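okay, sequence plus prediction incoming.
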Amino acid sequence: NAGVTQTPKFQVLKTGQSMTLQCAQDMNHNSMYWYRQDPGMGLRLIYYSASEGTTDKGEVPNGYNVSRLNKREFSLRLESAAPSQTSVYFCAISESTGGSYNEQFFGPGTRLTVL
Amino acid sequence: TQLLEQSPQFLSIQEGENLTVYCNSSSVFSSLQWYRQEPGEGPVLLVTVVTGGEVKKLKRLTFQFGDARKDSSLHITAAQPGDTGLYLCAGSLGNQFYFGTGTSLTVIP
């Protein structure tokens, strides 16, 4: 029972290259999220999917696209990477969005460097 | 501009000391959570507070939600090296969580 898995763990890209970050869960939760974490900024929400078949923008969606492939999988795509997208990316899941006692479970993160 | 501001940003203390971390906002949240994150890992939930004025204790950690549900504090009594990590508050607003800027705590043996 891995919870939330992310691939790859590390990635180095050149400016303008594209890549997809993968996230998968085995907890049967409805909602999935993509965050980026930068020093002194905490975590900022990029996109989220409240349930299979829906996606919505978060605080910082520019330069990213997402796909909720099925209930288990939620991918984040960078079409043309920029140095400003150098960050640590976390996928998270929760039983649903909203609600007072909604706990988020996080994956181990993907460390992305864009040169 | 961050919706939630945490202070201090960095804290280095000796084992056995007490400390308080603050999480402040001008927004009202339906709930507020505290997470701890260790290097190379994702955050892990410590507690959720829901009611204004609510106080929750988790061993040596005491969490309080402000009366107006805009702010929160985390107090650690007799800190231990195992408490070292990044502490993050997160407020629930609609369908999203908004995270604070984080407090990096180092407890020196």
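Good, I have the coordinates. Just so it is clear, the model here is predicted, and its values are computed rather than measured. Residues are numbered from 1 along each chain as shown, chains lettered A, B, ... in the order given.

so how far is residue A:45 from residue A:97?
Distance of residue A:97 to residue A:45, computed by CB to CB, to the nearest Å: 11 Å. Where you see a C-beta, it was placed from the backbone N, CA and C, and this is true even at glycine.

oh, I was asking about residue B:66
As judged by CB to CB, residue B:66 and residue A:45 stand 23 Å apart.

where does chain B dip in pLDDT?
Along chain B, segments meeting pLDDT under 70 span B:1.

can you list the residues of it near chain A?
When proximity is defined by CB under 8 Å from any CB of the partner chain, chain B lies next to chain A at B:2, B:4, B:6, B:9, B:30-31, B:33, B:40-45, B:48, B:50, B:88, B:90, B:92, B:94-102.

now intersect those residues with the helices, please.
Within the residues of chain B next to chain A, no residue falls in helices by DSSP state H.

now the buried members of those.
By neighbour count, with 16 or more other CB atoms under 10 Å in any protein chain shown, the residues of chain B next to chain A hold B:4, B:6, B:31, B:33, B:42-43, B:48, B:50, B:88, B:90, B:92, B:95-102 as buried.

dump the residue contacts of the residue in chain A that chain B sits nearest to.
In chain A, the residue that lies nearest chain B is residue A:106 (2.8 Å; CB to the nearest CB). By CB atoms under 8 Å, 6 or more residues apart in numbering or on different chains, residue A:106 lies in contact with A:4, A:90, A:91, A:92, B:41, B:42, B:43, B:44.

about what we covered before: among the residues of chain B next to chain A, name the ones in strands.
Taking DSSP state E, the ones among the residues of chain B next to chain A that sit in strands are B:6, B:31, B:33, B:44-45, B:48, B:88, B:90, B:92, B:96-99.

just flag the most distant two among those.
Within these, B:44 and B:96 form the most distant pair, 19.6 Å apart (CB to CB).

give me the common contacts of residue A:97 and residue A:45.
Shared contacts of residue A:97 and residue A:45 (CB under 8 Å, 6+ apart): residue B:96.

just how off-centre is stretch A:65-82 within its chain?
With CA atoms, centre = their mean, to the nearest Å as the basis, stretch A:65-82 stands 8 Å off its chain's centre.

and chain A, which of its residues are near chain B?
Residues of chain A lying near chain B (CB under 8 Å from any CB): A:4, A:33, A:35, A:40-45, A:48, A:50, A:56, A:58-59, A:90, A:92, A:97-109.

contacts for the host helix or strand of residue A:111, please.
Assigned by DSSP states H and E, residue A:111 belongs to strand A:110-114. Here strand A:110-114 makes contact (CB under 8 Å, 6+ apart) with A:6-15, A:19, A:21, A:81-90.

test my guess that residue B:2 contacts residue B:101.
Yes - using CB atoms under 8 Å, residue B:2 is in contact with residue B:101, at 5.4 Å.

thanks a lot, see you next time.
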